[in-house]
Each structure stands twice: as C-alpha cells, then as structure tokens.
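Asker: Got a sequence here, can you model it:
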Amino acid sequence: MNSALSSAILEQINRATGLNVRHCSIQSIGGGCINQAFQLKTDKTTFFVKTNRADRLGMFVRESGGLQLLTASNTLRTPNVIGYGSAEGTAYLIMENIPMGGNGRAETAGRQLALLHRKKADRFGSTADNFIGSTPQINQSCDSWASFWQQHRLGFQLILAKEKGYHGRLQALGEQLQLQLPAFLDHAPTPSLLHGDLWSGNLDYTTKGEPIIYDPAVYYGDRETDLAMTELFGGFSDRFYAAYCEEWPLAPGYSVRKTLYNLYHILNHLNLFGSGYEQQAIAMMQRLLAEVSA
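Answerer: Next comes the predicted model:
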C-alpha cells in the first residue's frame, strides 16, 4: 500500500471517527483469493483494511451493507464498518480490527446462527444485488423460493458457465435439474436472513471466545443454504449442528437439498477458478437427478 493510498484511508477514518490520526504503520496479512488485506495501526487504535481494484468498489459497498444488516440482527457478532472508498486506482473497505483466534464454543455459534435465521422478510432476495466472491449475485425479490433459486442462483451460474465455455454435459444436466426444482423445494421455507457465504473461513472466535462472522453475501432465503455451505468444506463440529437444531430443527429432506444448495457454490467456484470444479458439479447434478428418478 503506497503512502498516497494510506493517507486517503486515514482521511476517511478521521472523517468517520473524529480521531484525527496523522500517522500509521501498515502490515500486510493473509487475505483470500479475491482481496488484499492489511492491518493499519495508529497511535490510537488499529483498523482492518481490504483493498482491490478501483472498479471493484461496488463489492465493498455491498459488503458494507450486508455487514450492517447482520449487525442489526443482534445475533452473531460482525465487524463494524468504518467506511469505504477509492483512491490511487484502489478500492478499500475499512473495518474495526478484532483480535481473533480464541477458543470459542461451537454451541454458541450454532444457537446464534439459528437466531440470525429467525430474522425474516416477506419475500426471498433483497433490495440490492451483491457479490458471491467477485461474482455478481442477483437478489431480485421473489415470492417463490423455487423460482428464485432457479433464476437467480442455479440458472444464473449456468449462464455464466456457458459464457465461459462450459457446454455439453454440464449444461444438459443443468437444464434437466432446473425442470425438477419444484420436486426438491417443496418444503415451504420462509425468507430468513442469511450470511450467504458461510464456510469455515468466514466464522471465527474472538480472543474472548465470542463467535464472529464476516465476508457476507447477504440476502433472504432458505436458512438451509447457510447450513449446507458449512458442510461443503467442513470445519464445523457436531456440537455446532446439535445446538442449531436444538434451537430450530431442520425440515425432512435437508440431506438431499444441501447438495442442491452447495451446487450453487461449486458452480461459482467453476466460474471463478476454472475447470477443476466441472466434474464435481456434474457429479452433484447426477446425484440429484438420481434422487428424482429413484
């Protein structure tokens, strides 16, 4: 991070907080595959900053809105947003820096996630589109969950995959699966507030043991989609799921639906990171279609 960019970020911090800090030290820290991440230390406090290209400022704008919506739920903790902007060809998002890596209770995280999901809306989707990774995520509101999932989740990712050159078996199976969605999604879910990208890398515990979530892709949808993603890459204990289900049991059929919901993320990984995910997506679709014909 160059000095002109850090100065612009300090000005943003001062406007938002009134701290009037003039100097800082900056340390690069491990980020994800999409953004760069830094700790910005001043003589008064420390901030967490994410950066990307200036044309990706919209990602940070939507992330900020999602974090604020999650914070307002008064359930799982989220980082407070200080501000966002762009300077020197770089977009940035400034948040409070929260020391993490503590030994928290998985049961607490499970119960609080269930409470988050109790926050509901009248329709599926949201008032604004956002991003899943760096992929646009369409949140146009809809009364039907099956229609929402077909158009704005599964169907949208298949369109992106076709544009990237993934044809043949992937598209043929995708078309068949879309026709069968009502058979899978007949459990009448309500529109729950979702994190939207809840893998183990987006939930941690503070040094005091408090569960905290971040990097959301927020919308209102079937709560099972969050639960499904926690299983996609692992990292959540049996105690987490037991506490969640004690607070709010899952409907029958989740063990099948979770494959459908995780297919969205595998297709997104295919579109973001390449063909290594194509066979996994095909296998998931074959498994789901076998359930219908069984």
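Asker: quick one: the helices in the stretch 151-294 of the chain?
Answerer: 155-163, 168-184, 224-232, 238-247, 254-273, 278-293 (DSSP state H, counting those that start in this stretch).
Asker: Output the contacting helices and strands for the last one.
Answerer: Read that as helix 278-293. helix 168-184, helix 254-273 (3 or more Cβ pairs under 8 Å, 6 or more residues apart in numbering; DSSP states H and E). Any C-beta I mention is one placed from the backbone N, CA and C, and that applies to glycine too.
Asker: Return the most buried member of the helices of the stretch 151-294 of the chain.
Answerer: Counting by mean count of other Cβ atoms under 10 Å, helix 224-232 has the highest mean neighbour count of the helices of the stretch 151-294 of the chain, with a mean of 22.
Asker: Not counting its own residues, what contacts that one?
Answerer: When contacts are defined by Cβ atoms under 8 Å, 6 or more residues apart in numbering, helix 224-232 is touched by residues 113, 117, 189, 194-200, 236, 240-241, 244, 250-251, 254, 257-259, 261-262, 264-266.
Asker: Next, count neighbours for residue 274.
Answerer: 10 (other Cβ atoms under 10 Å).
Asker: Residue 108 too?
Answerer: If you count neighbours by other Cβ under 10 Å, residue 108 ends up with 17.
Asker: Could you look up the SS state of it?
Answerer: For residue 108, the secondary structure call by DSSP: H, G, I helix; E, B strand; the rest coil comes out as helix.
Asker: That one reaches residue 240, doesn't it?
Answerer: No: if you go by Cβ atoms under 8 Å, residue 108 and residue 240 don't touch, sitting 9.2 Å apart.
Asker: quick one, which of the helices and strands packed on helix 278-293 is nearest to residue 104?
Answerer: helix 254-273 (24.2 Å; Cβ to Cβ).
Asker: May I see the buried residues of stretch 40-60?
Answerer: 40-42, 47-52, 56-57, 59-60 (16 or more other Cβ atoms under 10 Å).
Asker: Am I right that residue 139 sits in a helix?
Answerer: No: membership of residue 139 in a helix is not supported by three-state DSSP, which gives coil.
Asker: The closest residue to it other than its chain neighbours - how many residues pack around it?
Answerer: Using Cβ to Cβ, 6 or more residues apart in numbering and skipping the chain neighbours, the partner closest in space to residue 139 is residue 126 (3.9 Å). Residue 126: 25 surrounding residues under other Cβ under 10 Å.
Asker: any idea how far residue 6 is from residue 227?
Answerer: Separation of residue 227 from residue 6 (Cβ to Cβ, to the nearest Å): 40 Å.
Asker: which residues sit in contact with residue 264?
Answerer: 149, 153, 154, 157, 225.
Asker: State the pLDDT value of it.
Answerer: The model reports residue 264 with a pLDDT of 98.
Asker: Can we start the residue count at 55 from this point?
Answerer: Sure thing, new numbering starts at 55, so read that last one as residue 318.
Asker: Residue 215 versus that one, what's the distance?
Answerer: Per Cβ to Cβ, residue 318 is found 12 Å from residue 215.
Asker: next one: residue 140
Answerer: 30 Å.
Asker: Over to residue 73?
Answerer: Separation of residue 73 from residue 215 (Cβ to Cβ): 46 Å.
Asker: quick one, phi psi at residue 175?
Answerer: Residue 175 adopts backbone torsions of phi -130, psi 180, taken as degrees, to the nearest 10.
Asker: Surely it is in contact with residue 245?
Answerer: Yes: look at residue 175 against residue 245 with Cβ under 8 Å: they come within range, at 4.5 Å.
Asker: Have a look at the two and say which one is more surrounded.
Answerer: Each of residue 175 and residue 245 has its neighbours counted (other Cβ under 10 Å); residue 245 has more, 23 against 16.
Asker: hmm, back to that, let's have the buried residues of stretch 94-114 in CSV, adding pLDDT, distance to residue 344 and secondary structure.
Answerer: Shown next, in CSV, are those (pLDDT from 0 to 100; distance: Cβ to Cβ, whole Å; DSSP: H, G, I helix; E, B strand; the rest coil):
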residue, pLDDT, distance to residue 344, secondary structure
94, 93, 51, strand
95, 93, 55, strand
96, 89, 57, coil
101, 95, 50, strand
102, 96, 45, strand
103, 96, 47, strand
104, 95, 41, strand
105, 95, 45, strand
106, 95, 41, strand
110, 95, 39, helix
111, 97, 44, helix
113, 96, 37, helix
114, 97, 41, helix
